[in-house]
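> just coords:
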């Protein structure tokens, strides 16, 4: 089942009164899937609790106290609750609207204020210099084609923290002879705005959206590729919500959606060398890619193309997949909670006995990688693009 | 502090609890206390839907060890603080509401599987493990708990034990009291009691049954050993339509007299039959549907299917095939989600779950239905837990009133006349939903003067300071919905 694409949604908490009211009165049919609830054990820190907090606020029964704000931000916005909700209530979106109200009332927690400040000052979530956005990808830039119809929107986390994902993506694109370019330069790409949308800073997100749309329009690209599901969701869902959109001729794809169209060309490239040892991997569905964009099969189809390998599944996978812990701006406000959620997902990896944990999201990789040492597990963590590039390289070099 | 709260120095107690449990495991925040002011009792939810805030705990704690619970219990005795043990808070009778304030002991962080004995087919768990969590654990290993209440996503084993819960497949797998082999309980005076987890014992009364169904008033359950079963080899659905309730009931009795125990067996009255058959068939007036699920070895499923088919047809049943039953199974949680229908302005709803012998069952159904519908609400009913000697009735009512006051008056009236009719017909007033606050005033009626006096004496002996879940089971504090004489 795929969640309906939430477009052209009303933008006021009151427009959602019916849903938040019903969620607040629910017999807690989704609570068991909420990653923050499972760690805290608190009924307030659950989808139903948050809906009740919103209802109390709407009904002027309770102010947005520090604890109320905390509960609203102690949410990964992972959407797991929606998978268990028969009426498919869009509670995460309502929580985003409530957070926007928190921001408007100047009650946002310190951590997310820092996020907004970083992006406002330097156009990226890490507060690093915008000029260095492509510093780790200088070599990759030399393999781009200025007039290509395809633009690879790299995104903050890949650019600043995991450039290896962009390098691997380029290797795959080059192997397929797909000309592409980056949206580099002073007027190029900036943060997609997704983290700001999630945290309630819609005004900043809108400014970023306008800059990105302009950069894409000026690049004349007809296709935009991303390796970050959050970025893909921003372009496809958040920008229309903000009343903005890319020109109709421009299509935005997550890289797995795009590559699956080239699977015929990929097959011979992925034919691993004969002596390669069998390998096994478990695929972690990123929340934005799966539950929000409905992309479950394409990454799996790509991984099944890899010979001499076994694709394993978590007990909770596809629409029931657990969050990596990194969603919803949670790491900015409650990093300990984030780490515990990540540890929980890593522990579930052990049940599969996989050698590799693969995701299709730099944010997932970031949190898994950061938490793995403390978890003490022997596991290799890669992005799906790194795995594909690795196999292609092994074939090319015979190693 | 909530209005009805028993006075204690919340800040001082909070500081002490933080030392023992850690700051992150203690909360006095208003939003947390409000979120713990509800369970799944429809009346509480109807009021909450109007944003009427009722009694709240003063503190919520999340212990992680038995020792922590024992310390809290000792402190509560010293300070005379009410303690309300909560695991899933999925109860529908107000059994976990902090009606006099106090401390909610939320057991959700005690949710581990402690031992899985595949030789004996038993599993030992902590009380905070949700039904769904244990079922996933067992199914991943080829087993099942067999315990599938509608609240499986939201309720936990501590609550199952404390309320004598029953799942929809109970005809095959038994009710919770049938599968619990051992318990560990922190007594109201903080001592630890462990009953031996053995198949059966005749060393005097079985003490675990003092705590199964005691709704947290006699002790805090901290460990439960349960029987589990291998996952079934085969599953098959079947549905039949009978000319009326009497013929459907006759078929059910015959099924049990043939020594068969289908996993699922649900007989619907004419009103719910129309709802259940929905897109499958437009049933004639008075017709009653029977949904069945067989889940066992292939041979046993074949035998059950063949024998029950013959029984049903002999009793005038029409074979509807597997469709309606399978559809119900796959959509069985639908009514559990709140909707504008039951939660709209002026709406009232709930379920009366009662049970009786076959000699009284049908008579009780008609008496309850007549009494309840006379109040102006609509009903639909089913019989979903059967035994060789009788079964339960699940009377669902839904109605409308013009004002919030009328909603509450009518709600109480329905319960009053419904339970009175059940009592007069010789039934028990709760089959699987427990007592909580809702049915607390009926405890003396159910158990009789000497029976209820004995329960009160047991409570007074176990809990001399009346700290554990006061007011529940009709013991201690007054109830919110007194029974009218």
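In hand now; what should we look at? Fair warning: this is a prediction, and the values are worked out from it, not measured in the lab. Numbers count the residues shown, from 1 in each chain, chains lettered A, B, ... in the order given.
> And for the residue of the stretch 201-350 of chain A found nearest chain B, the neighbour number?
Residue nearest to chain B within the stretch 201-350 of chain A (CB to the nearest CB): residue A:315, separated by 6.0 Å. Every residue, glycine included, has its C-beta placed from N, CA and C. Residues lying near residue A:315 (other CB atoms under 10 Å in any protein chain shown) number 14.
> per-residue pLDDT, residue B:344?
pLDDT, residue B:344: 89.
> and it, how far is that from chain A?
10 Å (CB to the nearest CB, to the nearest Å).
> Next, work out how far apart that residue and residue A:330 are.
35 Å (CB to CB, to the nearest Å).
> before we move on, back to that, ramachandran coordinates for the residue of the stretch 201-350 of chain A closest to chain B?
The phi and psi values for residue A:315, taken as degrees, to the nearest 10, are phi -60, psi -40.
> same deal with residue B:60?
The phi/psi pair for residue B:60 (degrees, to the nearest 10) reads phi -120, psi 130.
> Determine the set of other helices and strands touching the one helix or strand in chain A whose mean pLDDT sits lowest.
Lowest on mean pLDDT, DSSP states H and E among the helices and strands of chain A sits helix A:384-397, with a mean of 89. Helices and strands touching helix A:384-397, by 3 or more CB pairs under 8 Å, 6 or more residues apart in numbering or on different chains; DSSP states H and E, are helix A:163-175, helix A:255-259, helix A:263-270, helix A:297-304, strand A:356-359.
> Give the burial count for the residue of the stretch 51-200 of chain A found nearest chain B, as a bare number.
Using CB to the nearest CB, the closest approach of the stretch 51-200 of chain A to chain B is made by residue A:67 at 3.6 Å. Neighbours of residue A:67 under the rule other CB under 10 Å: 18.
> what about residue B:344 and residue A:330, which has more around it?
Remark: of residue B:344 and residue A:330, residue A:330 carries more neighbours, 27 against 12, as counted by other CB under 10 Å.
> how does chain B divide into domains?
By the assignment in automatic domain parsing, chain B contains the domains B:10-108+B:459-469, B:113-230, B:234-332, B:336-438.
> which residues in the stretch 151-300 of chain A form helices?
A:156-160, A:163-175, A:194-199, A:202-219, A:229-233, A:239-241, A:255-259, A:263-270, A:297-304 (DSSP state H, counting those that start in this stretch).
> Need these in a markdown table (columns: mean neighbour count and mean pLDDT).
Formatted as a markdown table, these follow (neighbours: other CB atoms under 10 Å in any protein chain shown; pLDDT from 0 to 100):
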| stretch | mean neighbour count | mean pLDDT |
| --- | --- | --- |
| helix A:156-160 | 26 | 98 |
| helix A:163-175 | 22 | 98 |
| helix A:194-199 | 29 | 97 |
| helix A:202-219 | 20 | 97 |
| helix A:229-233 | 28 | 98 |
| helix A:239-241 | 21 | 95 |
| helix A:255-259 | 23 | 98 |
| helix A:263-270 | 14 | 92 |
| helix A:297-304 | 19 | 97 |
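> Just put those in a markdown table and tack on distance to chain B.
Shown next, in a markdown table, are those (distance: least, CB to the nearest CB, whole Å):
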| stretch | distance to chain B |
| --- | --- |
| helix A:156-160 | 28 |
| helix A:163-175 | 32 |
| helix A:194-199 | 20 |
| helix A:202-219 | 24 |
| helix A:229-233 | 26 |
| helix A:239-241 | 25 |
| helix A:255-259 | 28 |
| helix A:263-270 | 31 |
| helix A:297-304 | 20 |
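> Tell me which residues touch the residue of the stretch 51-200 of chain A closest to chain B, please.
By CB atoms under 8 Å, 6 or more residues apart in numbering or on different chains, residue A:67 lies in contact with A:44, B:27, B:29, B:30, B:31, B:32.
> The second one against residue A:42, yeah?
Just to be clear, that refers to residue B:27. Yes - contact status for residue B:27 versus residue A:42: in contact at 7.2 Å, counting by CB atoms under 8 Å.
> Overlap in contacts, the two.
Jointly contacting residue B:27 and residue A:42 under the rule CB under 8 Å, 6+ apart are residue B:60.
> Show me which residues of chain B are close to chain A?
By the criterion of CB under 8 Å from any CB of the partner chain, the positions of chain B lying close to chain A are B:24, B:27, B:29-32, B:34-36, B:40, B:45, B:48-49, B:51, B:53, B:60, B:62, B:88-90, B:106, B:108-109, B:128, B:130, B:132-133, B:136, B:140, B:151, B:153-154, B:333-334, B:336-340, B:343.
> So which of these sit within strands?
When DSSP state E is applied, the residues of chain B next to chain A are split such that B:27, B:60, B:106 fall in strands.
> and the last one, what pLDDT?
At residue B:106 the predicted local confidence, pLDDT, stands at 98.
> Run a quick neighbour tally on it.
Counted with other CB under 10 Å, residue B:106 comes out at 28.
> Kindly state the beta-bridge partners for it.
Applying DSSP bridges to residue B:106 yields these beta-bridge partners: residue B:86.
> what residues does chain A put near chain B?
Counting by CB under 8 Å from any CB, chain A sits next to chain B at A:18, A:21-22, A:24-32, A:40-44, A:46, A:48-49, A:52-53, A:55-56, A:59, A:61-62, A:65, A:67-68, A:71, A:84-87, A:315, A:351.
> May I see the ChimeraX selection of the buried members of those?
Command for ChimeraX, covering only those of the residues of chain A next to chain B found buried under the criterion 16 or more other CB atoms under 10 Å in any protein chain shown:
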select /A:21,22,24,25,26,27,28,29,30,31,32,40,41,42,43,44,46,48,49,52,53,55,56,62,67,68,71,84,85
